[in-house]
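K.L.:
Fold the following, please.
(one chain, ligands or ions: 2)
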Amino acid sequence: MSKRAKNEKREMRWRGVAVSEGMAAGRVLRIHTGGRQNIYRTMLEADDIKREVRRFQAAVRLSRRQLMAIKRRAEDALGAEHAYIFDAQLLMLEDRKLLEEVEGYIRQECANAEWSVKVASDKLLAVYAEITDDYLRERSSDIEDVTRRLLVALSGEAQSRHLTEDAILVAEELLPSAAAELDFSHVRAIASDAGGWTSHTAIIARGLGIPAIVGLRELYRHARTGDEIMIDAEQGEVVLHPADETVEHFKEARKLLPSSAGANGSDNGREPLLTTDGVEIILCANVELPAEYESVRRYGARGIGLFRSEFLFSQRGGVPTEDEQCAAYTEVAALAGADGAKVRLFDLGGDKHHAGEDFESERNPALGLRAIRFSFRHEEMLRTQVRALLRAAARGRLDVVLPMISDVAEVRRARRIIEEERARLQTQGQETGELKVGAMIEVPAAVLMADKLAGEVDFFSLGTNDLVQYLLAVDRGNDEVAEWFRTLHPAVLQSIERTIKAAADRGIPAIVCGEMAATPAYALVLVGLGARVLSMTASAMPRVRRTLARVDALSASEIAAECSQCATADGAEEIVRVQLGKRWPHLFSPENLPTPKREE
Ligand code: PEP
Ligand code: MG
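P.N.:
Ligands and ions are numbered 1, 2, ... in the order given. This next block holds a predicted model:
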C-alpha cells in the first residue's frame, strides 16, 4: 500500500473505449470481481508483521460469516442435502494447521497476507493433484474457492460498499453480482479494465445514464479506493491523481457538455411512435437494477421488454429466496403496468455472473454451463424461480424468457417444469397467474431452428449482444477483439431477418432487446429488417424515438436489404453511413453515425 502523500502522487492517464457518454470527477471505489486478480509479493517491515497477521485473521472471520450466510440461503433454496457442499469450505477456514501455515509464512518470510494465502493454497492444491481418488481430487475446487474468498476479503472491498457522494467505480469488470450490491444513487461513473460496448459494465452505465469507459488495461491495479479520478467519456480518457491544471481544464470542458436532459430530450413519449409512413414501433425498457425504475417511468416505456433477473443475485448473499424473488417480480410487474414485464430466467455463468464464489469457474464459460443450461443443472434453483414468477404473475402481467435456447427440447423441458410447479402451488392453495413463455434467440442454432421454435413459444426475444458474439465467435467482453464485434455484419442482419420472419409467419411477437436497438442508426436498420418492438435501456428511448419518428419504414427496409446482401461488414457499414447521411442529413451527422470497426 502506498504511503506517499496525496501531493506526491503523479498524474496518470489511460485511454479506453467510451461506452456511455458524459464526464465525471470523484473518488475511486474499487470493486472486486474475484478470480482475476494478480497477487504480488510485498516485503513487510518488522513493525507491520503483527498487523498483517491480524488482517489475515479478520479476513478469515469475514469469510466464515459470508459462507455461513450463503449456506443458510442454499439450505432455503436448494434444500439441506445440497448445502453440505459449503461445510467443506467452512472446515478449511477452521483448519488450524492451514491457518498457522499462512500466519507462519507471513512471520517468517515477512510476506503480505495475500501472497502467503496463495503460497499455502498452491501447496495444498499440489497435494490434491496427486490424489488418485476422483472425489477427493475434485475437492481442490473448494480450496480454490476459499482462496478466492479470502483474497476478496483481504482486498477490503467487500466492506466498502458505503458509497460517498462522488464515487467512481473502478473494476476489472463490473459483474452483475457486484453491481447488485451497490447503492447506485451515489455512483458518478464507471471505469473498467475489460469490456466492450455490450459488456455488463456498459449496459449498467447506460441504464443509469452515467459515463463509462471500458478497456482501460491496468487501471484497476493502479487505482486505490479514495484516489482522485476524472472520467471523460467524450474523449475516452481517464485521469488518476489529476494535477491542478487538469482539474481546471476538465471543469471548463464539462461546462460545454449539453445537459443530460437536453441530450436525451424531455418528452416522455407516451404517444404511439409511428414512422413517417405510419408503421407503429413499440419501445420497451430493459431493466437490471432498481436504480433504473425511475427512468422507466420518466421515458414512458411500453412495458419492460427484458428484466435481467440475475441481477437479483448479490455477491455475498447468493441465491435470492422464493419470497425475495416474488416480491421483486411483483414490483417489476407493477412498474410495467398493463403492458407487462418479460422476466428472463437467471442468465448465470459465462461473463454474466461468476455466481459469486458459490459455483465453479469454467475453462470456456461463454460456451459452458450458462443460462438455461445452468438452470437445468441447478434444478431446485430453477423451480424456486419459476414458483416465484407464477405467484407474482397472479398480481401483475408477467412473461418468462428462456435464455440461450439452442434446441426445442429445452423449451419443452422448461414448460414441463413450469406446469409442474404450477400444479404444486395450486395443491398448496397458492394463487398463480398466466405466464407466457418466450425464447431468447441468441445462438446460431436458434436462428436456424427459428421456425420450429416459433411453434413452441409465445414470443421471441432477440438478444443481439450474444447473437453477434456467438455468430461471429467474438467474446463480447474482450476489448482485444472489439474490432471483430461487427453489429452490421451481413450474417447478423440475415439472422435477425430470418428470426423476425419466422415469428411473423407463426403470428408471435419478436422483441429485439440487445444493445443494437439503443443506437438510432441500428434501430433504423432493425425496423428495416422487420422489427416492430424494440427494448432498450430507458435513457436511450428519447433518442431512438426522435429518430424513428422522422424516418420511413420503406426506406429503412431498402437500406437493410442492401446491407444484408453485402459481402462484408465494411460494406454494410458503408451503406448505412452513406444512405443515412444522404437521406436524413438532419438526423445523421457524421458524428452520430457508427464508425467503422467500432462496436457502437
Ligand atoms: C443479448 O444477449 O443481446 C441480451 C439482450 O442479453 P444479455 O446482454 O443480458 O446477454
Ligand atoms: Mg444474452
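K.L.:
Could you check how far the nearest residue to residue 274 once chain neighbours are set aside is from ligand 1?
P.N.:
Nearest residue to residue 274 in three dimensions, chain neighbours excluded: residue 280, at 5.5 Å (C-beta to C-beta, 6 or more residues apart in numbering). In this view, the C-beta of every residue, glycine as well, is placed from N, C-alpha and C. Using C-beta to the nearest ligand atom, to the nearest Å, one gets 22 Å for the distance from residue 280 to ligand 1.
K.L.:
Over to residue 213?
P.N.:
19 Å.
K.L.:
Run through the residues that contact that residue.
P.N.:
If you count contacts by C-beta atoms under 8 Å, 6 or more residues apart in numbering, residue 213 has them with 16-19, 189-192, 231, 233, 236-238.
K.L.:
For ChimeraX, what selects the buried ones among those residues?
P.N.:
Buried residues among those (16 or more other C-beta atoms under 10 Å), as a ChimeraX selection:
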select :16,17,18,19,189,190,191,192,231,233,236,237,238
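K.L.:
In space, what's closest to residue 320 - neighbours in sequence excluded?
P.N.:
residue 312 (4.6 Å).
K.L.:
From the contacts of residue 213, which land in strands?
P.N.:
Within those, residues falling in strands by DSSP state E are 17, 18, 19, 189, 190, 191, 192, 231, 237, 238.
K.L.:
Can you lay out those as TSV showing distance to residue 452?
P.N.:
Formatted as TSV, those follow (distance: C-beta to C-beta, whole Å):
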residue	distance to residue 452
17	38
18	41
19	36
189	45
190	40
191	44
192	39
231	47
237	49
238	48
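K.L.:
For residue 201, state which of these is nearest.
P.N.:
residue 192 (4.5 Å; C-beta to C-beta).
K.L.:
what residues are up against that closest one?
P.N.:
Residue 192 neighbours (C-beta under 8 Å, 6+ apart): 169-174, 199, 201, 212-216, 219-220.
K.L.:
same check, this time on residue 174
P.N.:
Per C-beta under 8 Å, 6+ apart, neighbours of residue 174: 31, 33, 190, 192, 195, 200, 201, 204.
K.L.:
before we move on, what about residue 336?
P.N.:
296, 301, 303, 304, 396, 397.
K.L.:
what does the model give the residue nearest to residue 320 for pLDDT?
P.N.:
As predicted, residue 312 sits at a pLDDT of 91.
K.L.:
Tell me what the nearest residue to residue 236 once chain neighbours are set aside is bridged to.
P.N.:
Leaving aside its sequence neighbours, residue 236 sits nearest to residue 18 (C-beta to C-beta, 6+ apart; 4.3 Å). When bridges are taken as DSSP bridges, the partners of residue 18 come out as residue 213.
K.L.:
Is residue 18 in contact with residue 212, as I believe?
P.N.:
Yes. With contact defined as C-beta atoms under 8 Å, residue 18 counts as touching residue 212 (7.4 Å).
K.L.:
right, and out of the contacts of residue 174, which lies closest to ligand 1?
P.N.:
residue 200 (7.5 Å; C-beta to the nearest ligand atom).
K.L.:
Run a quick neighbour tally on the closest one.
P.N.:
Burial of residue 200 is recorded as 28 neighbouring residues (other C-beta atoms under 10 Å).
K.L.:
picking that back up, give me the common contacts of residue 18 and residue 212.
P.N.:
What both residue 18 and residue 212 touch, as defined by C-beta under 8 Å, 6+ apart, is the set residue 233.
K.L.:
near ligand 2, which residues of the chain?
P.N.:
442, 463, 466 (C-beta under 5 Å from the ion).
K.L.:
Closest to residue 88 out of those?
P.N.:
Distances from residue 88 to the residues of the chain next to ligand 2, taken by C-beta to C-beta, are shortest for residue 466, at 34.2 Å.
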